[in-house]
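> pasting a predicted model and its sequence here:
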Amino acid sequence: MSDTRKYLLSEDQIPRAWYNIQADLPSPPAPVLHPGTGQPIGPDDLAPLFPMALIGQEVSQDREIEIPEPVRDVYRAWRPTPLYRATALERDLDTPARIYYKHEGVSPVGSHKPNTAVAQAFYNKEAGITRIATETGAGQWGSALAYAGSLFGLEIKVYMVRVSFDQKPYRKAMMETYGAECVASPSDHTNSGRAILAATPDSTGSLGIAISEAVEDAAQRGDTSYALGSVLNHVLMHQTVIGQEAQAQLALADDRADIVVGCTGGGSNFAGIAFPFIGEKLRGGGELDVVAVEPSACPSLTRGRFAYDFGDTGKLTPLVKMHTLGSSFVPSGFHAGGLRYHGMAPLVSHAQDLGLIRSVAHTQTACFEAGVRFARAEGIVPAPEATHAVKAVIDEALRCKEEGVSRSIVFNLCGHGHFDMQAYTDYFAGALQDQPYDEQELAMALAGLPSVPAAA
Ligand SMILES: *Cc1c(COP(=O)(O)O)cnc(C)c1O
């Protein structure tokens with residue numbers, strides 16, 4: 001086969017700035033509110049948790065934010081990542097669609113997460129912080145921050161959601177290899193963790209609970225910051241190196257994107273690939289269909305309510321307007337641990353509200369089936385999270401075949417699945433169940449949404 005398979009950029013084509021979609025949106029997202037007063041929060045409210053540089057990025061309206069040279073220098077270890085044309089998958093599907101994927105699994109920890117972990121470690125180091133507390137779902141974020149911490153000489157404490165801690169022991173080993181400490185959440189290291197354990201001793205944990213623990217840890221110590229691997233504006237912005245590189249690589253392929261696809265947990269890898277393309281469209285570019293793919297068992301964009309809610313279960317965070325299943329919602333223990341979050345990034349939620357993106361939900365067995373098909377064609381075993389994007393891409397490619405049209409589909413292969421082979425083993429054994437989210441539990445969680453002043 002003579003088709004070009006791989007579009008590469010040189011190191012000096014690593015983007016020089018992150019892209020901030022806030023500069024191009026037709027209306028701003030709703031303000032973040034103080035849970036006590038119901039008033040918009042200011043930088044000082046966040047100062048105990050984050051360095052000022054990151055708080056500034058959180059509220060910035062500048063279209064471009066320069067990437068510090070030490071961060072670009074670390075990016076050089078694996079960026080620019082390749083953009084592949086999925087020629088083998090196209091043949092397998094017998095589709096006229098042109099399928100491309102950005103391979104973020106080539107990073108040292110195997111996912112897109114270091115794009116922001118390295119940036120966050122850099123700004124914390126600059127601000128004189130010596131320790132960072134964080135949560136992790138499937139372990140990718142914990143690994144990424146542990147890696148970044150080792151590069152910048154920061155102590156890292158990771159609260160890892162219990163169900164993943166038990167399913168993925170090698171992620172903990174990886175964090176420890178980088179010198180980080182990793183405990184299962186809920187833990188007895190914090191008040192929030194102890195409260196959950198007292199009420200539910202066998203709690204499988206959730207990202208919402210782990211966030212409470214990490215925030216509490218950071219708020220109590222002057223030397224410690226908190227870091228979040230998704231959801232926040234600055235985190236999504238750090239990921240836009242993905243989409244910017246993909247735009248340059250599509251130009252090399254003499255192509256453009258008709259459809260952009262990403263999976264959504266908190267929304268960061270999706271925003272990373274999609275926001276630069278959406279920005280181009282908002283500034284006068286052509287038609288674009290942007291698809292966010294989430295698990296049926298944790299369907300915040302497709303089934304959740306667009307409302308103010310807490311980011312965590314312990315109700316320690318400010319109130320953000322987002323698509324949410326309620327901060328007390330604990331999703332079932334399905335395998336795409338990185339997608340088990342009750343809410344969605346406010347910017348992604350806002351983009352859906354503005355009609356700039358659409359969302360679909362798929363069951364995990366349908367996603368693993370798609371992931372296996374992808375692996376057998378393209379040779380890369382996708383992370384369980386990434387199989388959600390693969391499933392939606394295959395559906396779109398088959399729709400192209402039905403309609404007899406050739407569209408270009410670009411998706412983010414946000415991580416490889418080498419740490420997730422137990423999930424594949426369970427899939428092959430027929431042991432995976434598609435648990436729909438619990439309607440009754442959801443109704444209860446949504447009934448508990450905080451009330452906010454009408455003006456908000
Ligand atoms: C963390 C993670 C996700 C989910 O987080 P987003 O912020 O939605 O990207 C998805 N895929 C992989 C591989 C991850 O590590």
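Yep, it's here.
> around the ligand, pick out the residues from the stretch 351-456 of the chain.
383, 385-386, 414-415 (CB under 6 Å from any ligand atom). C-beta coordinates here come from the backbone N, C-alpha and C atoms, glycine included.
> residues contacting Ile196?
186, 203, 205, 209, 313 (CB atoms under 8 Å, 6 or more residues apart in numbering).
> low-confidence bits of the stretch 301-450 of the chain, can you list those?
Applying pLDDT under 70 to the stretch 301-450 of the chain flags the ranges 333.
> how about residues contacting stretch 22-40?
Residues contacting stretch 22-40 (CB under 8 Å, 6+ apart): 41, 45, 60-63, 233, 278-279, 282-283, 308, 310, 315, 317-321, 346-347, 349-351, 354, 450, 452-453, 456.
> close to the ligand: what parts of this structure are there?
Neighbours of the ligand within the chain, by CB under 6 Å from any ligand atom: 111, 113, 140-141, 230, 263-270, 338-339, 383, 385-386, 414-415.
> so which of these belong to strands?
Residues of the residues of the chain next to the ligand located in strands (DSSP state E): Cys263.
> just the buried ones from the residues of the chain next to the ligand?
When the residues of the chain next to the ligand are checked for burial by 16 or more other CB atoms under 10 Å, the buried set is 111, 113, 140-141, 230, 263-270, 338-339, 383, 385-386, 414-415.
> one step back: of all the contacts of Ile196, which comes closest to the ligand?
Within those, the smallest distance to the ligand is 15.5 Å, found for Gly205 (CB to the nearest ligand atom).
> contacts only, for the residue nearest to that closest one when sequence neighbours are not counted.
Of all residues not flanking Gly205 in the chain, Arg162 sits nearest, at 3.6 Å (CB to CB, 6 or more residues apart in numbering). Residues near Arg162 by CB under 8 Å, 6+ apart: 184-186, 203-205.
> ok, now Ile242?
With CB under 8 Å, 6+ apart, Ile242 has these contacts: 81, 102, 104, 112, 115, 269, 272-273, 412.
> which of the residues you listed fall within strands?
Using DSSP E, the subset of those located in strands is 102, 412.
> can you tell me which of the contacts of Ile242 is nearest the ligand?
Nearest to the ligand among the contacts of Ile242, with distances taken as CB to the nearest ligand atom, is Asn269, at 3.3 Å.
> that closest one against Gln239, yeah?
Yes - if you go by CB atoms under 8 Å, Asn269 and Gln239 touch, sitting 6.1 Å apart.
> what's the overlap in contacts for these two?
His112.
> in the stretch 351-456 of the chain, which spans are strands?
358-362, 408-413 (DSSP state E, counting those that start in this stretch).
> strand partners (parallel or antiparallel) of the longest one?
Strand pairing for strand 408-413, using DSSP bridges, gives strand 98-103 (parallel), strand 259-263 (parallel).
> now, of these, which is deepest in the fold?
Greatest average neighbour count among those goes to strand 259-263 (a mean of 29), per mean count of other CB atoms under 10 Å.
> show me what contacts the closest residue to the ligand within the stretch 1-150 of the chain?
As assessed by CB to the nearest ligand atom, the ligand sits closest to Gln140 within the stretch 1-150 of the chain, at 3.1 Å. By CB under 8 Å, 6+ apart, the residues touching Gln140 are 109-111, 113, 171, 229, 338, 383, 415.
> swap in 7 Å and give it another go.
Residues in contact with Gln140 (CB atoms under 7 Å, 6 or more residues apart in numbering) are 109, 111, 113, 338, 415.
> can you tell me the closest non-neighbouring residue to it?
Leaving aside its sequence neighbours, Gln140 sits nearest to Ser111 (CB to CB, 6+ apart; 4.4 Å).
> you'd agree the one you found is up against Gly415?
Yes - assessed by CB atoms under 7 Å, Ser111 is found in contact with Gly415 at 3.4 Å.
> identify the contacts common to the two.
Common contacts of Ser111 and Gly415 (CB under 7 Å, 6+ apart): 104-105, 140, 383.
> just give me the closest of the residues you listed to Asn124.
Of all the shared contacts of Ser111 and Gly415, Asn124 sits closest to Gln140, with 19.4 Å by CB to CB.
> now that closest one: how far from Asp62?
29 Å (CB to CB, to the nearest Å).
> surely Glu66 meets Tyr19?
No - counting by CB under 7 Å, Glu66 does not reach Tyr19; the two are 11.6 Å apart.
> between these two, who's got more neighbours?
Tyr19 (26 against 12; other CB atoms under 10 Å).
> do you know the pLDDT at that one?
Note for Tyr19: predicted pLDDT of 98.
> check the one 5 residues further on too.
Predicted confidence (pLDDT) at Asp24: the value is 98.
> backbone phi and psi for it, please?
Per-residue torsions, Asp24: phi -110, psi -10 (degrees, to the nearest 10).
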